[in-house]
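Q: Provide a 3D model corresponding to the input given below.
(chains A and B)
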Amino acid sequence: MAIPSRYCSSCLSHLRLTAPAPTALALRPVPFLAQHPQPPQQKRHATTSTSARAAQFRSKNRDKDASAKKKKARSHFLQPDLKKAIQFSLVDAMRYLRAAEVGRPPTSAKYELHIRLRTVKNGPVVRNRMRLPHPIDTTMRIAVICPPDSAIAKTALASGAVIVGEETVFDAVKEGRIEFDRCLCHTDSLPKLSKSGVARILGPRGLMPSAKTNTVVKDVGTAVKGMVGASEYRERDGVVRMGVGQLGFSPEEVQRNIAAFIAMVKKDIGALADRVSKGVHEVVLSSTNGPGMSLSGEVRGKDSVDPRDVAVVN
Amino acid sequence: MVSLSQRMRKLQTKLLAIRLGPGAAVLPKDVKRIHMRFGAKINGGHMGPRKFWRHELIRLKYHNPAVPMTVDQIRESQTPETEATMSIHFVSSENARQTSASETSSPAPTDSTTTRTQPSDTDPTERVETIDMKNRTNSEILQQLMQITRAAPVEPTEKDKEELQLLEEQSVRSERDSKQYAEHRARVKRERDLFEQGRNDSAMQTA
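A: Modelled structure (predicted):
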């Protein structure tokens, strides 16, 4: 049987690796049995480890096959040339995605944004949470325990709280009407809250405000804002992904969300600038069941439909 | 991550499937809304409606973005009597108030997340046509829909045809290449096995 020459050469390189010194001895024809590497102890006995490693390195370089197999690992994520990509204006992309999502409940299907970064594979990653101009998950109902008709109550309601008050809230809870998913308490109302005895009802449900869970706060406005519709994002495999809208959102609303999200990511990149340099490479809009479409950056293209037509719910 | 050309080819195929094919039609301006209601399970004649939703309705929606199209799947206690209907809502005339002045407009309200308390000023539905979709195939449903609405089918443009042809050529080529490469891989494997066998044989001889 004819044996391909490449197999022979690799056999020989094996021998050279393990032989005490790369001499003509090693090139002597040897039966196949002997090609298995000798135990490492023998190598150590024969020569110092550094020179052995040097010999290994040299012989590897001489062996073309071996060096071709071992590619140098890439340090950055790939950055495809976007000139070859088909890119879409926001309205065009939304028209396709709306079609792909037809008949789905408008609150369950979502638009997603994928921001591909120019970045190294290792090192710090972009990670943060933010509140979009038009939050996606608005189903969360927040109660704030603070004196009703006060300035605090007003700011709480303005920033998205649903139920505000002291006695009224306590009475409702005692009657079993818990119509909220989160409960915050203003620092000044804490004594009233602890005296009211609702802890027994709220405690087991995990709704009882306490300083430990940061639900007893002074600045109610920002706390409520931070809670309502905040979304988290982080960079994975060089891409930051986040939901940016419900399917029923109009192009303007999605556009505002996208702009806010990208601005936030850029800010995060800026914060990491002293440790690692990153940049936005590509922005892709997709949806729960739809295709991913690279965005060109413009809202409306030449042949796009009227944005008001895409804004129709369903 | 796949290569960009591969990604774009796949995307192009998907987009063409959304744009062209059965169901690609422009509805007249008096169609206000289309609603489908059928069972979540296909037994009892509910397969056609679901196929219509997954294939034809997508294309219809692409060409009529402003017409609301909703699907209601009956999930609880589906019986043989469960209905499968499509209702098409019309306004009185084609001169009804439209979402916009564009070609793709419709007489539907265009509010999404605004907190307006006033009712929208769109024209109310004047008549509703229903199609019984039970035990009907998706093509039959489409045919009846086209008859009732008098929708105009969308033909592929020259550019679309070109793209379709390119994708077709590509798929033929890729099939040929994958076959060729499978043969190549089989050959390499055969050689390697033979070599491996020879090695074992010679080892046996020397031992």
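
Q: tell me what the residue in chain B positioned nearest to chain A is bridged to.
A: Residue nearest to chain A within chain B (Cβ to the nearest Cβ): B:V71, separated by 3.1 Å. All C-beta atoms are positioned from the backbone trio N, CA, C, and that covers glycine. Beta-bridge pairing for B:V71 (DSSP bridges): B:M36.

Q: would you say B:R59 is within a strand?
A: No - assessed with DSSP: H, G, I helix; E, B strand; the rest coil, B:R59 is helix; it does not lie in a strand.

Q: need the contact list for it.
A: The neighbours of B:R59, taking Cβ atoms under 8 Å, 6 or more residues apart in numbering or on different chains as the test, are A:99, B:18-25.

Q: can I have the buried ones of the residues you listed as a PyMOL selection?
A: Selection of the buried residues among the contacts of B:R59 in PyMOL, burial being defined by 16 or more other Cβ atoms under 10 Å in any protein chain shown:
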select buried, (chain A and resi 99) or (chain B and resi 18+19+20+22+23+24+25)
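
Q: of the contacts of B:R59, which pair is most distant in space?
A: Distance extremes for the contacts of B:R59: the farthest pair is A:A99 and B:P22 at 14.3 Å, using Cβ to Cβ.

Q: what about A:K154, distance to chain B?
A: Counting by Cβ to the nearest Cβ, to the nearest Å, the separation of A:K154 from chain B is 18 Å.

Q: what's the following helix or strand after the host helix or strand of that residue?
A: Here A:K154 sits within helix A:151-158, counting by DSSP states H and E. On the C-terminal side of helix A:151-158, the nearest following helix or strand under DSSP H and E is strand A:163-165.

Q: name the nearest residue to B:T79, sequence neighbours excluded.
A: Taking Cβ to Cβ, 6 or more residues apart in numbering or on different chains as the measure, B:T79 lies nearest to B:G44, with 7.9 Å between them; neighbours along the chain are not counted.

Q: any weak-confidence spans in the chain?
A: Let's take chain A. A:1-69, A:138-139, A:160, A:211-214, A:226, A:229 (pLDDT under 70).

Q: hm, I was asking about chain B
A: Within chain B, the stretches falling below the threshold (pLDDT under 70) are B:1, B:94-97, B:99, B:101, B:109-123.

Q: just the strands from it, written as ranges.
A: Along chain B, counting by DSSP state E, strands occupy B:25-26, B:31-39, B:69-74, B:85-90, B:127-132, B:152-153.

Q: tabulate the ones you listed (TSV), appending distance to B:Q170.
A: Output for these, formatted as TSV (distance: least, Cβ to Cβ, whole Å):
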stretch	distance to B:Q170
strand B:25-26	28
strand B:31-39	35
strand B:69-74	32
strand B:85-90	37
strand B:127-132	38
strand B:152-153	27
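
Q: buried deepest among those, which one?
A: Burial among the strands of chain B, expressed as mean neighbours by mean count of other Cβ atoms under 10 Å in any protein chain shown, is greatest for strand B:31-39, which shows a mean of 22.

Q: where does the stretch 101-250 of chain A get nearest to chain B, which residue?
A: For the stretch 101-250 of chain A, Cβ to the nearest Cβ, closest residue to chain B: A:G103, 3.1 Å.

Q: who's in contact with that residue?
A: Going by Cβ under 8 Å, 6+ apart, A:G103 touches B:36, B:53, B:57, B:69-71.

Q: do that again at 10 Å, thanks
A: A:109, A:314, B:34-36, B:50, B:53-54, B:57-58, B:61, B:69-73 (Cβ atoms under 10 Å, 6 or more residues apart in numbering or on different chains).

Q: elements contacting the longest helix along chain A?
A: Among the segments of chain A that qualify as a helix by DSSP state H, the longest is helix A:251-271. With contacts defined as 3 or more Cβ pairs under 10 Å, 6 or more residues apart in numbering or on different chains; DSSP states H and E, the packing partners of helix A:251-271 are helix A:90-100, strand A:110-118, strand A:127-131, strand A:230-236, strand A:239-246, strand A:279-287, helix A:307-310.

Q: return the subset of the contacts of B:R59 lying in helices.
A: Counting by DSSP H, those place A:99, B:18-19 in helices.

Q: distance check, A:G197 against A:M208.
A: In this view, A:G197 and A:M208 are 11 Å apart by Cβ to Cβ, to the nearest Å.

Q: centre-most residue in chain A?
A: The residue at the geometric middle of chain A, judged as the C-alpha nearest the mean C-alpha position with Cα atoms, centre = their mean, is A:R234 (3.0 Å).

Q: that one: what's it in contact with?
A: Under the contact definition (Cβ under 10 Å, 6+ apart), the residues listed for A:R234 are A:125-129, A:240-242, A:268.

Q: how about 7 Å then?
A: When contacts are counted by Cβ atoms under 7 Å, 6 or more residues apart in numbering or on different chains, A:R234 is found next to A:125-127, A:240.

Q: dump those into CSV; add neighbour count as well.
A: As requested, the contacts of A:R234 are arranged in CSV below (neighbours: other Cβ atoms under 10 Å in any protein chain shown):
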residue, neighbour count
A:V125, 17
A:V126, 23
A:R127, 13
A:V240, 27
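
Q: closest one to A:V91 out of those residues, please.
A: Distance to A:V91, by Cβ to Cβ, is smallest for A:V240 among these, at 23.3 Å.

Q: beta partners for the nearest residue to the closest one once chain neighbours are set aside?
A: Residue nearest to A:V240 in three dimensions, not counting chain neighbours: A:I115, with 4.5 Å by Cβ to Cβ, 6+ apart. For A:I115, the residues forming beta bridges with it (DSSP bridges) are A:V240, A:V283.

Q: now do the one helix or strand A:D171 maps to: distance to the chain's middle.
A: Secondary-structure element containing A:D171, defined by DSSP H and E: helix A:167-174. Computed by Cα atoms, centre = their mean, to the nearest Å, the separation of helix A:167-174 from the middle of its chain amounts to 40 Å.

Q: re earlier: and A:G197 and A:M208? which has more neighbours close in?
A: A:M208 (19 against 11; other Cβ atoms under 10 Å in any protein chain shown).

Q: near chain A, which residues of chain B are found?
A: Residues of chain B found near chain A, taking Cβ under 7 Å from any Cβ of the partner chain as the criterion, are B:1, B:4-5, B:8, B:11-12, B:14-15, B:18, B:53, B:57-58, B:61-62, B:65-66, B:68-71, B:99-100, B:102, B:104-105, B:108, B:110-113, B:194-195, B:198-199, B:202-203, B:206.

Q: in helices, which of the residues you listed appear?
A: Counting by DSSP H, the part of the residues of chain B next to chain A found in helices is B:4-5, B:8, B:11-12, B:14-15, B:18, B:57-58, B:61-62, B:194-195, B:198-199, B:202-203, B:206.

Q: can I see the domain layout of chain A?
A: A:76-136+A:231-314, A:139-228 (automatic domain parsing).

Q: how distant is the first one from the center of its chain?
A: Going by Cα atoms, centre = their mean, the spacing between the C-alpha centre of domain A:76-136+A:231-314 and its chain's C-alpha centre is 12 Å.

Q: now swap in stretch A:206-223 and tell me
A: Its chain's C-alpha centre lies 27 Å from the corresponding centre of stretch A:206-223 when counted by Cα atoms, centre = their mean.
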